Every structure is written in structure tokens, then in C-alpha cells.
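**Q** Below: sequence and its predicted model.
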Amino acid sequence: MIKLNKFEVLKIEEGGFPNTNYIYNLSLFINMEFQFQRHRIDKISKDKIISELEKVAKKNNFIVFGKREFNEYSEISAGTVIRKFGTWRKAISFLKDYLKNKGHELSARKTPPNRIYSDKELFDEMERIWKQLGHRPSKIEWTASKPKISFGCYKHRFGGWTNTCLKFIEYKMGHEVIIDDIPKKESVKEIQPELKIKKEDKRDIPLKLRLSVLNRDNFRCVFCGRSPATSVGVILHIDHIHPFAKGGKTTLNNLQTLCSKCNIGKSDRKLN
Ligand SMILES: [Zn+2]
């Protein structure tokens, strides 16, 4: 029984041995470890590696690409490239010079692959574009605004565009959207859950409905048009148009987005 050292085990895990010649290669390997290693690396010529890098660069329109993209398009693995150049960065740096000599420019990419943005980075970019447009951006508007961060990145992070907008608005306000019309002390009757009560007869507004209201009203006050996205200190409320206390339903048609100021104004008008 041959005992394998760590290096040999690693080589096998990498698929370094063709299965059919396993034992033969293993004995060769143990005797000629260094030659074998050199052979493995030299098996694919540097020219071949460079031509593969060039091929993938062309596929990516001469924008710097990562290992994952390379593996997707190339017939050799990124690992082989790294073994030849030392690091991926060195390989790309070499490729840059190589292409320059051929008259091509390998430009830096705007968003590095697999980059994890912080909430602040995501929301700063959102604020920039929202303010630039003066309203909540649609997918087309987002893409046309030459964003630093892709539309898909937000959708993926927050589970959809509407939810992204909500998270952004809440971030700007520093808290959740206020569900208006809910008195601080609920009556005992309302606290006890009654299965028979329909959603539209409940004062509380389910998250999905809140989102629909905000989405329809473009995350801004329907009276004055202000939004936490573009004006500091604006707080959004969701308001029952026909008050719940007077029989108003919790439905999309009876709900609207108001800022806190307009909402206070609305109650003042009611009192007068
Ligand atoms: Zn307002």
C-alpha cells in the first residue's frame, strides 16, 4: 500500500492523474515529483494561455474580466493561468500590456465581479439617480442614468425593485413608513384576533398592500409631491382617505401616501 503525502493527495483531488493510468502515474510521480510537476504546468504552453486570455478579453469587449468569466468562456481553467503567472492580477496585467502592443485597450470594469456593496453605497447611488431624475427611477431610467451599480444588483439584494425603493425610503427616513390612523391604544376588541374579520376591515395595512400604495404613489406625498429620497426630513405616512374610524376600508383605493406635514394639515382641515 502506497501512502500519499499531502501534495500528492492535492494533485489527485485536482484531477492531476488520468484515472486509467493512475498507478503508473503515481509511481512515476513519486520518483520524479519535480519533473512531473513541471510537466503538468508546461503541458499547456504559455502561448496557448495567452491566446485563451485574449479570446476571453474579446468576448468581454476588452473589459477586465475575472476568473469566473474566464472559466465560462475558456477551454482551459483559470487555475492553469494562475499557475503560470503566479496570480490572476499578474495575468491580467500581462494581458493588458500584450493587448496594448496589438493596439487594444483593456479597460477597467465599472463594477468588479462579485463585489458586495454596503447598504450605504447602494443607497448613495440610488439617491444620486433619484435626485437627478426628480422621481423614483424605472428600470429603463436607471439603466439610462449610467449607474455605478446595476439594476439587477439591487433587485437581487432586496428582492425586487419596489422593495428596494421601500428599503431606500426607510433608510432615508431612519425608520419604517408610518401606518397612520392607528391609535396608540388599540381597543381590546381589535387586539383579540378574530378570524372572521376580513383584511379590508382591519386597520393595520399588510406589508404587500403598503408596498402597492407606495409604489402607485411613487414613494412621495400625493399632496405636495415631496419624498424622503429628495428632501431631508420628509416622513411618509400611509393614510386612509376615508377614515377607518368612520367606516373607511383598508383597500388600495382608500389608501394614499402623505407626508407627515400634509397629513397633519388634512386632520386640521377635518377639525375646522
Ligand atoms: Zn406632503
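**A** Received it, and whenever you're ready, just let me know what you need.

**Q** what stretches of the stretch 1-150 of the chain score poorly on pLDDT?
**A** Along the stretch 1-150 of the chain, the parts satisfying pLDDT under 70 run over 1-42, 110-114.

**Q** again, 50 this time
**A** Scanning the stretch 1-150 of the chain for pLDDT under 50 picks out the ranges 15-20, 33-39.

**Q** what do you get for the stretch 151-272 of the chain?
**A** 184-189.

**Q** what about the strands in it?
**A** Secondary structure of the stretch 151-272 of the chain (DSSP state E, counting those that start in this stretch): strands at 178-179, 236-240, 255-259.

**Q** Can you say which of those is nearest to residue 54?
**A** strand 236-240 (52.7 Å; C-beta to C-beta). All C-beta atoms are positioned from the backbone trio N, CA, C, and that covers glycine.

**Q** now for that closest one, which elements pack on it?
**A** Applying 3 or more C-beta pairs under 8 Å, 6 or more residues apart in numbering; DSSP states H and E, one finds that strand 236-240 contacts strand 178-179, helix 207-216, strand 255-259, helix 260-271.

**Q** from those, which stretch is densest packed?
**A** Mean neighbour count, computed with mean count of other C-beta atoms under 10 Å, is highest for strand 255-259 among the helices and strands packed on strand 236-240, reaching a mean of 24.

**Q** can you tell me if it touches the ion.
**A** Yes: using C-beta under 5 Å from the ion, strand 255-259 reaches the ion at residue 259.

**Q** Could you show which parts of this structure are in contact with the ion?
**A** So the chain meets the ion at 221, 223-224, 259, 262 (C-beta under 5 Å from the ion).

**Q** Export these to JSON lines and append columns for distance to residue 89.
**A** What follows is the residues of the chain next to the ion, written out as JSON lines (distance: C-beta to C-beta, whole Å):
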{"residue": "221", "distance to residue 89": "50"}
{"residue": "223", "distance to residue 89": "55"}
{"residue": "224", "distance to residue 89": "52"}
{"residue": "259", "distance to residue 89": "50"}
{"residue": "262", "distance to residue 89": "54"}
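
**Q** Turn the strands of the stretch 151-272 of the chain into TSV, including distance to residue 127.
**A** Formatted as TSV, the strands of the stretch 151-272 of the chain follow (distance: least, C-beta to C-beta, whole Å):
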stretch	distance to residue 127
strand 178-179	21
strand 236-240	16
strand 255-259	18
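
**Q** what's the domain layout of this structure?
**A** 6-42, 46-101, 119-173, 178-271 (automatic domain parsing).

**Q** For the longest one, what is the distance to the chain centroid?
**A** Centroid separation for domain 178-271 versus its chain: 30 Å, with C-alpha atoms, centre = their mean, to the nearest Å.

**Q** where does the closest residue to the ion within the stretch 1-150 of the chain land in three-state SS?
**A** The ion sits closest to residue 135 of the stretch 1-150 of the chain, with a gap of 14.8 Å, by C-beta to the ion. Secondary structure, DSSP: H, G, I helix; E, B strand; the rest coil: residue 135 is coil.
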